[in-house]
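K.L.:
predicted model and sequence below, questions to follow.
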Amino acid sequence: MVTHIKTTIDIVDGLLAEAKRVADREGTTLRALVEDGLRRVLADRTNQRPRFKLRDASFRGRGLQPGVREGDWDQIRDLAYESRGA
């Protein structure tokens, strides 16, 4: 069962005039044109992907290895690559 409710919306004069011309050119009513446009916008917004959210991948560690000074990137790099034969 479809019910219809009358409502009033404010549309800028230029947009309303253009909509009336399009409806006339396509042999439809302004109401049908507005309903079609509203259905398309609602469908587009419903079908949008949800926003990407990066999962929290943090963990509790035990800090730096003994002997590694915080901020000494050369030493950290050397330790990271020491078992790779570099």
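P.N.:
Here it is on my side, so go on. Since the structure is predicted, the reported quantities are computational estimates derived from the model, not experimental observations.

K.L.:
right, and the helix or strand after the longest helix seen in the chain?
P.N.:
Ordering each helix of the chain by length in residues (DSSP state H) puts helix 30-46 first. Downstream of helix 30-46, the next assigned helix or strand under DSSP states H and E is helix 73-81.

K.L.:
tell me which residues of that next one come out buried.
P.N.:
For helix 73-81, a neighbour-count test (16 or more other CB atoms under 10 Å) marks nothing as buried. Backbone N, C-alpha and C define where each C-beta goes, glycine included.

K.L.:
just the CA atoms of it, as CSV, please.
P.N.:
C-alpha atoms of helix 73-81 as CSV (Å, rounded to 0.1, in the frame of the first residue of the first chain):
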residue,chain,number,x,y,z
TRP,A,73,69.1,4.5,14.0
ASP,A,74,72.4,3.2,12.6
GLN,A,75,72.6,0.7,15.4
ILE,A,76,68.9,-0.3,15.1
ARG,A,77,69.3,-0.8,11.3
ASP,A,78,72.4,-2.9,11.8
LEU,A,79,70.6,-5.1,14.4
ALA,A,80,67.6,-5.4,12.0
TYR,A,81,69.7,-6.6,9.1
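
K.L.:
before we move on, back to that, which parts of the longest helix of the chain are buried?
P.N.:
residue 33.

K.L.:
what comes into contact with that helix?
P.N.:
19, 20, 22, 23, 26 (CB atoms under 8 Å, 6 or more residues apart in numbering).

K.L.:
report pLDDT for the first one.
P.N.:
Looking back up the chat, that one is residue 19. Reading off the confidence values, residue 19 has pLDDT 96.
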